[in-house]
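Participant: Sequence first, predicted model second:
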Amino acid sequence: QVQLAESGGGLVQTGESLKLSCVASGAISDETYIGWFREAPGKGRLGAGCINIRDGRTYYPNSVKGRFTISKHSEKDAVIIDLEMTDLKPDDTAVYYCATDCLTIPTHVDHWGQGTQVTVSS
């Protein structure tokens, strides 16, 4: 079993930056990807990027490419996955979730965090 816990959400203005963190613990060695997904009001849950925790490769959808950066580091028995978001736009407003998958449809995901709200004001 994998446990995921996000932190770092908040309210920012257009053009500002924000960093989210996901603490992944438990049977994390069984996983290959940790991804970030986001769900805006009235829209489905979509991938916002992911990292292969074995080789460090990252993948992003076009909507965030060049503005979002995912990185990882290890602490004790956990892997920390950071999502650095720059040049934020009102369309980035969403609940952000970390998950044990990469840019896939939500029904394929086995483990989710509880989510953290990001609000970008215009």
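Facilitator: That came through, no problem. Residues are numbered from 1 along each chain as shown.
Participant: in this structure, which spans are helices?
Facilitator: With DSSP state H as the criterion, the chain has no helices.
Participant: Spatially central residue in it, please.
Facilitator: Closest to where the C-alpha atoms of the chain average out (C-alpha atoms, centre = their mean) is residue 36, at 2.4 Å.
Participant: residues in contact with it?
Facilitator: The contact partners of residue 36, by C-beta atoms under 8 Å, 6 or more residues apart in numbering, come to 20, 22, 47-50, 68, 70, 81, 83, 96-99. In this view, the C-beta of every residue, glycine as well, is placed from N, C-alpha and C.
Participant: And those residues, which two are furthest apart?
Facilitator: Using C-beta to C-beta, those span at most 15.4 Å, a distance reached by 68 and 99.
Participant: Low-confidence stretches in the chain?
Facilitator: Across the chain, nothing is flagged by pLDDT under 70.
Participant: What residues does residue 30 make contact with?
Facilitator: So residue 30 contacts residue 2 (C-beta under 8 Å, 6+ apart).
Participant: again, only this time at 10 Å
Facilitator: 1-2, 100, 110 (C-beta atoms under 10 Å, 6 or more residues apart in numbering).
Participant: Against residue 21, how distant is it?
Facilitator: In this view, residue 30 and residue 21 are 21 Å apart by C-beta to C-beta, to the nearest Å.
Participant: Please apply the same query to residue 93.
Facilitator: As for residue 93, its distance to residue 21 is 19 Å (criterion: C-beta to C-beta).
Participant: More neighbours: which of those two?
Facilitator: Set side by side, residue 93 and residue 21 show more neighbours around residue 93, with 18 against 15, by other C-beta atoms under 10 Å.
Participant: Neighbours of residue 32, how many?
Facilitator: Residue 32: 13 neighbours (other C-beta under 10 Å).
Participant: which ones are touching it?
Facilitator: 50-55, 100-102.
Participant: run the last query once more with 7 Å
Facilitator: By C-beta atoms under 7 Å, 6 or more residues apart in numbering, residue 32 lies in contact with 52-54.
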